[in-house]
Every structure is written in C-alpha cells, then in structure tokens.
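**Q** A structural model of the following input is requested.
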Amino acid sequence: MSLVPICVAALISIAFGVRYLAARQFMPYHAVISGKAWGELGRGMQVAILGMLKVCGAGFLTYGVALLGFLYPLSRGEAWAAWAILVSAATMLVPILFITLWLRRSEPRARTPVLPTIVVLALVVFGAGISLA
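**A** Numbers count the residues shown, from 1 in each chain. From the prediction side, this is the model:
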C-alpha cells in the first residue's frame, strides 16, 4: 500500500523533470513574473534561463528515479528507505514549495506549480508514513 503513492510521486517528478529538460523557453508563469515575453529577452538571458530550467529538470528527474529506487527496499520492509524518502522530500520538495509560494506571492497572477508540489509532498509523506507505521 505504501508503494503506490510513492510510485505516483516518482512518476510526477519524472514528468516534471522531462518537461523542464525539454523546455525551449521559460514557463508561462515565468513570463507573468518577469513581465516579459520570451522573445523580449536577450539571447544571453535566454541561455541562462534555459540552463537553470535544465538544472531544475535534472533535479526533478533524479528525485523521481531515486524514489523509484527506494521502492524495492521499502517493499522488503527496510525502514531506512522510508527515512531516506522523507529526507529527500525535505531537501527537495520543501524548498521547491517555499520557492513556488514566494514567486506566487511576488506576483499573485503567476500560476506557479504550488499544487503539484503539495501533491507530490503529500504522496511521499503518506507513503513513507504508512511504511513506518
């Protein structure tokens, strides 16, 4: 039972990773926050932003793959895997949630990915919590 929410969280994270790695311009919420369309940015700024998006994508992809890797020891009842999942959530998802909320607070019209972040965090905490109970 604890494996399903963690697997779903992993797949969502991988999907976000692929989306950010494949990005050819910033996300719509970035345009709202910056007040500029992608084409209005200079080439250097575009390259810098794409680089940051790809780093973020690699982080999401790595996190999702790591969660999938923890499923086997978790299925065997190895408590360390649940703790590793919780620590990785605390170091990956909590800062992302803070940043998405901070960005939205700076520009309330920006549709930053707050809800997907909360969903993945809840799934991971729920799944790891069940396995530790």
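
**Q** give the contact list for residue 33.
**A** Counting by Cβ atoms under 8 Å, 6 or more residues apart in numbering, residue 33 touches 103, 106, 107, 110. The way it works is simple: take the backbone N, C-alpha and C, and place the C-beta from them, glycine included.

**Q** contact partners of stretch 77-96?
**A** With Cβ under 8 Å, 6+ apart as the criterion, stretch 77-96 contacts 2, 6, 59, 63, 66-67, 70, 73-74, 117, 120-121, 124-125, 127-129, 131-132.

**Q** looking at those residues, which are in helices?
**A** The helices, defined by DSSP state H, take in 6, 59, 63, 66-67, 70, 73-74, 117, 120-121, 124-125, 127-129, 131-132 from the contacts of stretch 77-96.

**Q** in ChimeraX, select just the buried ones from these.
**A** Filtering the ones in helices among the contacts of stretch 77-96 down to the buried ones (16 or more other Cβ atoms under 10 Å) takes a single ChimeraX command:
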select :6,59,63,67,70,74,117,120,121,124,125,127,128,131
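
**Q** ok, the residue nearest to residue 106 when sequence neighbours are not counted to residue 53 distance?
**A** The shortest distance from residue 106 to any non-neighbouring residue, by Cβ to Cβ, 6 or more residues apart in numbering, is to residue 33 (6.7 Å). Going from residue 33 to residue 53 by Cβ to Cβ, to the nearest Å gives 14 Å.

**Q** also residue 11?
**A** 20 Å.

**Q** which one of these two is surrounded by more residues?
**A** Per other Cβ atoms under 10 Å, whichever of residue 11 and residue 53 has more neighbours is residue 53, with 20 against 14.

**Q** below-threshold pLDDT in the chain: ranges please.
**A** Judged against pLDDT under 70, the chain has no low-scoring part.

**Q** quick one: contacts for residue 38?
**A** Contact analysis of residue 38 by Cβ under 8 Å, 6+ apart lists 25, 26, 31, 46.
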